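Enquirer: pasting the sequence and the predicted model now:
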Amino acid sequence: MDILDKIKAYKLEDVAARKAELPLSDIEARAAQAPAPRGFADRLTEAAREGYGLIAEIKKASPSKGLIRADFDPPALARAYEEGGAACLSVLTDGPSFQGADEYLVQAREASSLPVLRKDFLYDPWQVAESRALGADCILIIMASVSDAQARELEDAATRWGMDALIEVHDRAELDRAAGLNSKMIGINNRNLQTFETSLDVTRMLAKHVPVDRMIVAESGLSTPADLAEIARYGARSFLIGESLMRHEDVTAATRAILANPLTAPGGA
Ligand SMILES: O=C(O)c1ccccc1NCC(=O)[C@H](O)[C@H](O)COP(=O)(O)O
């Protein structure tokens, strides 16, 4: 059983328990009261047109690295990322593997004007409504962890709630399945979630197969302006970065530094 299977097993139990406490109609009522969605894909596209589109991640710990940032203050981090030039935020809400919390998303969104991705493992439309109730503007769909039917169901639910979906892939088969969905954003995860091996070669190999009407978001293992410039050569102008920014004491300065001198290339987003 790899980490993704383990996460899926406890997540399904957790969702069943949450649903028992709060039926779909109740969580939908909460979602309907949430602040209006901030256009996540639109904001990212706009930033990528002018330079790079950065989704900056609020990440305390991970299965591959353990504790990443002890001094962890989600509202302060959200403000620091915004000041540094991030286009969007990603907030890990999973507790057992990432030391995340739903509350971190609420706090980060309230502290900034940026659209927010709920970075979690979703299997059920109930969780999509829950994400909206928390204020999320975008959800993540990990193709390695869901069937085509589940992916479609999650994407449809996100659309109904006015949210965007980032569709994450790691290999060609997942990319081909993702292309059958409607979402504009395709996240190419450089990290193999079975082995944790991380290589920018994954984006290099897959980017050329992404349909031209989709936006590539390169994810994981990015830590220098040179990494971004290299990936930009493969056609990706948007990036999801967590650990390398979280390890800097001055997150604003680190965000500014990684976004400096974007590779000027035709093609925009
Ligand atoms: O980060 C992990 O170890 C991990 C393990 C299992 C499933 C997901 C995992 N990470 C989630 C992410 O996708 C990353 O947090 C995100 O792409 C940012 O990556 P990085 O910049 O390398 O922190």
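Expert: Received, thanks. Computed from a predicted structure; not experimentally measured.

Enquirer: right, and Pro125 touches Ala151 too?
Expert: No - using CB atoms under 8 Å as the test, Pro125 is too far from Ala151 to be in contact (11.8 Å). Using the backbone N, CA and C atoms, a C-beta is placed for each residue, glycine as well.

Enquirer: those two: which is more packed in?
Expert: Between Pro125 and Ala151, counted using other CB atoms under 10 Å, Ala151 has the larger neighbour count: 23 against 19.

Enquirer: which strand or helix spans that one?
Expert: Element membership of Ala151, judged by DSSP states H and E, is helix 148-160.

Enquirer: give me the pLDDT for Thr195.
Expert: Looking at Thr195, its pLDDT stands at 88.

Enquirer: the stretch 151-269 of the chain: helices as residue ranges?
Expert: Using DSSP state H, counting those that start in this stretch, the helices of the stretch 151-269 of the chain run over 172-178, 201-206, 225-232, 243-246, 251-259.

Enquirer: closest one to the ligand among these?
Expert: Closest approach to the ligand among these is made by helix 243-246 (3.3 Å; CB to the nearest ligand atom).

Enquirer: tell me the mean pLDDT for stretch 116-125?
Expert: Here the average pLDDT along stretch 116-125 is 98.

Enquirer: now Glu103: phi and psi?
Expert: phi -60, psi -30 (degrees, to the nearest 10).

Enquirer: contacting residues for it?
Expert: Going by CB atoms under 8 Å, 6 or more residues apart in numbering, Glu103 touches no other residue.

Enquirer: so where's this protein shaky on pLDDT?
Expert: Regions of the chain meeting the criterion pLDDT under 70 cover residues 265-269.

Enquirer: residues of it that sit close to the ligand?
Expert: Residues of the chain lying near the ligand by CB under 6 Å from any ligand atom: 3, 57, 59, 62-64, 189, 193, 196, 219-222, 240-244.

Enquirer: for the residues you listed, which ChimeraX command selects only the ones that are buried?
Expert: To isolate the buried ones among these in ChimeraX, judged by 16 or more other CB atoms under 10 Å, type:
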select :57,59,62,64,189,193,219,220,221,222,240,241,242,243,244
